[in-house]
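Novice: generate a structure from the sequence data that follows.
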Amino acid sequence: MCWLNNQYRGILRAIQEMIPVQSEPGSIAAQNIGYSVQPYPLRAVNLFSARVRSLLATSACVIVLLISHIALADDNRINSPKRANVPSWADDAIWYQVFVARFANGRSENDPHKTRSWTSDWKQLHSDEKEPLRNNLYDRRYGGDLQGLQNKLAYLDELGINAIYLNPVFQADTQHKYDTSDHRHIDDSFGIEESRLQLSGETEAPTTWKFSASDRLFVDLLKEAHARNMRVMIDGVFNHVGQLFWAWKDVKENGRQSRYANWFAVKTWEPELTWDAWDGPNGRLVNFRQVEDGLDPDVEQYLFACVRRWMDPNGDGDPSDGVDGWRLDAAERVPHGFWRRFRKLVKSTNSNALIAGEIWPDPSDWMDGTQFDVVTNYPVGSAIIDLAMSSGPDAMKRTTITAWCDQIERLNSRFDQPTTFAMLNLLDSHDTTRAVTQLMGKELTDSTPFPESNIPGDLAFDQLKLAAFLQMTLPGAPMIYYGDEVGMFGANDPFCRAPMWWGEMNAPHHNQELLDEYRRMIALRAQLPELRGGEVDVILADDARRVFVFRRREGDRESLVVVNADATAHQIEFTTTKTSEWLELFHHSKPANGSGRNDSKKHLYTDNRGIISVRCEPVSGVLLRKKSPSLSPRAN
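Specialist: All right, here's what the predicted structure looks like:
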């Protein structure tokens, strides 16, 4: 029994409130009574509690049977095949987000005009630039391309990555590529220079489409990634296009006489052409026309043909040569009917493909089993950042531990288990402030945003390690934004999109210790099935000392995650399985000698009451694994 709905949790907790517990204030150990409970006080007791107390007064046995029946029914709901339709590989994924233009330059021949040296100073104005710096950073070109990514697949492999999310790769004018000019082709600045110009005779009809050299390079990249057991998900931008989109250019040239006149959200044709756009009236990013519960039928037909093209490039019915999923940009702006038809197409092409929506508000309306498999799980990422930021000697205590555990429980209870385990748990992205900068508690948005005081210090990096530790141990598929693992920092767009810090460049620092921590944490998630798909229950939440412990369990595999979000080290005592042996697999503390403790496997034992004691350093986490069975590497 894992995620119980609110009314059933109310019954369980009402019973728990009537069981005497011997504990210090703020430190409540779970009772070993045969089912998973959240052993911390509720601030609001379910309305069913009064009835439960009455029933308890007459017959405790009846309540126990009722709870057993409820738990079984709840588990049946969770495992319903109508809801558990997420690809089986998705909860094993360790995602890495690549912003292609800023990740690695592998081919200088395709560099755009005015490409900057990769090792040039990102934070300084160049001779042809004017203040403010921000305006120049948006569209600086550094030559990042698909060959650069392909050259770095070995790095990602060594890091432990098995799933890559690529920001848009289709032909577009800007470096970010969210202004698509052609969904049919990979951008030549990411591939082979001017290869698309060698094609002719293409129309909206798929039978006229050809593959450019850049397109073939992308297919080769997919092949090599798949050979390394890496999945690749690409960005689908289906709400809007750029000013150079081939059909929009025809509309601007021919007006209402264009054969594509109905494709776009045109407001007026005369006396001048006006339109709706993602970025406002007559903006750069032109919206497709919406009709009833979808896009214009001709637009849908074109987009769906493009989706088929990249999911099965050679068109032989075997999707193994295509992309493994779609991350859908600005998804809430597109009608639900489009996404339902999109899902049918995607799943009929590759039933094992992942559909992930970029949804910032409540995603419930898109998660009914007919649209998306998962969404970008910003609420969980924000909660993790908030907890990590509230640690440290000078930090404001933003939330109590019990409130934080309640929040995570609510977020993880929104959907069924397969969905929760596969949600994209990201701490940051190309659309947010970098995680370590968030943890500093300030934005770097002034005209000179890189003074020495804005470089993260030791505390911010310790907090980032704690945040990454939670990201790797909570339910959901971790998604790492490129460069976080080496300490890249920066405020929101465009400051969060600096060129990747490779070893040869003069970066503010290259945090090798942080990189090593990421590698170890990722390896443990890969080795321990319960961290990827095990049920969760909190067994200690201590507001006074700001520590908590939760268990991940799958069958007879069991791990304990011990977290200290305080500025002081604590000896944490709690109750678990009686007379059991545990291995301390990970402790990302930073002792004074700097040696770390991550490679040791310290043995810990519970007594005949099940009590175990663990020392946890400040702003730190410990991972314990039950001695038996042995570690189980993931299946690729």
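
Novice: give me the distance between the spatially closest residue to Ser189 that is not a sequence neighbour and Leu166.
Specialist: Leaving aside its chain neighbours, Ser189 sits nearest to Pro112 (5.0 Å; criterion: Cβ to Cβ, 6 or more residues apart in numbering). Any C-beta I mention is one placed from the backbone N, CA and C, and that applies to glycine too. According to Cβ to Cβ, to the nearest Å, Pro112 and Leu166 sit 18 Å apart.

Novice: what about these two, which has more around it?
Specialist: Comparing Pro112 with Leu166 by neighbour count (other Cβ atoms under 10 Å), the higher total belongs to Leu166, at 23 against 17.

Novice: quick one: pLDDT of that one?
Specialist: Per-residue pLDDT puts Leu166 at 98.

Novice: show me the contacts for it.
Specialist: Residues in contact with Leu166 (Cβ atoms under 8 Å, 6 or more residues apart in numbering) are Val98, Val100, Leu149, Val232, Met233, Ile234, Asp235.

Novice: for it, give the beta-bridge partners.
Specialist: Under DSSP bridges, the beta-bridge partners of Leu166 are Val98, Ile234.

Novice: surely Val561 is within a strand?
Specialist: Yes - looking at Val561 with DSSP: H, G, I helix; E, B strand; the rest coil, it is inside a strand.

Novice: touching, it and Arg552? I think so.
Specialist: Yes - here Val561 reaches Arg552: they are 6.7 Å apart, a contact under Cβ atoms under 8 Å.

Novice: can I get the contacts of Leu166 in TSV including distance to Gly322?
Specialist: As requested, those are exported to TSV (distance: Cβ to Cβ, whole Å):
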residue	distance to Gly322
Val98	18
Val100	18
Leu149	17
Val232	9
Met233	11
Ile234	10
Asp235	15
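
Novice: pLDDT score for the closest residue to Lys152 other than its chain neighbours?
Specialist: Nearest non-adjacent residue to Lys152, counting by Cβ to Cβ, 6+ apart: Ala104, 5.0 Å away. Note on Ala104: pLDDT of 97.

Novice: what do you get for Asp607?
Specialist: At Asp607, the model reports a pLDDT of 88.

Novice: phi, psi of it?
Specialist: Main-chain torsions, Asp607, degrees, to the nearest 10: phi -90, psi -170.

Novice: and the nearest residue to it once chain neighbours are set aside, what does it touch?
Specialist: What sits nearest to Asp607 in space, not counting adjacent residues and going by Cβ to Cβ, 6+ apart, is Thr579, at 7.3 Å. Residues near Thr579 by Cβ under 8 Å, 6+ apart: Tyr605, Thr606, Asp607, Asn608, Gly610.

Novice: would you mind giving the contacts of Leu166 as JSON lines with distance to Arg520, neighbour count and pLDDT added?
Specialist: As requested, these are exported to JSON lines (distance: Cβ to Cβ, whole Å; neighbours: other Cβ atoms under 10 Å; pLDDT from 0 to 100):
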{"residue": "Val98", "distance to Arg520": "22", "neighbour count": "25", "pLDDT": "98"}
{"residue": "Val100", "distance to Arg520": "28", "neighbour count": "23", "pLDDT": "98"}
{"residue": "Leu149", "distance to Arg520": "24", "neighbour count": "26", "pLDDT": "98"}
{"residue": "Val232", "distance to Arg520": "25", "neighbour count": "19", "pLDDT": "98"}
{"residue": "Met233", "distance to Arg520": "25", "neighbour count": "23", "pLDDT": "99"}
{"residue": "Ile234", "distance to Arg520": "29", "neighbour count": "22", "pLDDT": "98"}
{"residue": "Asp235", "distance to Arg520": "30", "neighbour count": "23", "pLDDT": "98"}
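
Novice: pLDDT weak spots in the stretch 351-500 of the chain?
Specialist: Applying pLDDT under 70 to the stretch 351-500 of the chain picks out residues 392-397, 442-453.

Novice: so what's the residue count around the residue nearest to Glu558 when sequence neighbours are not counted?
Specialist: Once flanking residues are discounted, Glu558 sits nearest to Lys626: 4.3 Å by Cβ to Cβ, 6+ apart. Residues lying near Lys626 (other Cβ under 10 Å) number 19.

Novice: same question for Arg141.
Specialist: The number of residues packed near Arg141 is 17, by other Cβ under 10 Å.

Novice: next: Thr349.
Specialist: Number of residues near Thr349 (other Cβ under 10 Å) recorded here: 17.

Novice: now Asp318
Specialist: Residues near Asp318, counting by other Cβ under 10 Å, number 10.

Novice: give me the nearest residue to it, chain neighbours excluded.
Specialist: Using Cβ to Cβ, 6+ apart and skipping residues adjacent in sequence, the residue nearest Asp318 is Asp312, 7.0 Å away.

Novice: looking at it, the one you found is touching Val323, isn't it?
Specialist: No - counting by Cβ under 8 Å, Asp312 stays clear of Val323, with 9.5 Å between them.

Novice: these two: which has the busier surroundings?
Specialist: In terms of neighbours (other Cβ under 10 Å), Val323 is the more surrounded of Asp312 and Val323; the figures are 25 against 18.

Novice: list the residues that contact that one.
Specialist: Here Val323 is in contact with Leu222, Val232, Met233, Ile234, Trp310, Met311, Ala353 (criterion: Cβ under 8 Å, 6+ apart).

Novice: kindly recompute the last result at 7 Å.
Specialist: Val323 sits next to Leu222, Val232, Met233, Ile234, Trp310, Met311 when contact means Cβ atoms under 7 Å, 6 or more residues apart in numbering.

Novice: same check, this time on Gly337
Specialist: Residues in contact with Gly337 (Cβ under 7 Å, 6+ apart) are Asp293, Gly294.

Novice: could you give the backbone dihedrals for it?
Specialist: Phi and psi for Gly337, reported as degrees, to the nearest 10, are phi -60, psi -40.

Novice: could you measure from it over to Lys344?
Specialist: Gly337 sits 11 Å away from Lys344, going by Cβ to Cβ.

Novice: equivalent analysis for Tyr165, please.
Specialist: Tyr165 is 23 Å from Lys344, by Cβ to Cβ.

Novice: wait, Phe550 touches Ser559, no?
Specialist: No - contact criterion Cβ atoms under 7 Å: Phe550 and Ser559 do not qualify, at 9.5 Å.

Novice: how close does Asp235 sit to Leu424?
Specialist: The value you get for Asp235 to Leu424, if Cβ to Cβ is used, is 13 Å.

Novice: ok, Ala460 next?
Specialist: According to Cβ to Cβ, Ala460 and Leu424 sit 24 Å apart.

Novice: tell me which of the two has more neighbours.
Specialist: The residue with more neighbours, out of Ala460 and Leu424, is Leu424; 28 against 22, by other Cβ under 10 Å.

Novice: what segments of the stretch 151-300 of the chain are helices?
Specialist: Per DSSP state H, counting those that start in this stretch, the stretch 151-300 of the chain carries helices over the ranges 153-159, 213-227, 246-254, 297-311.
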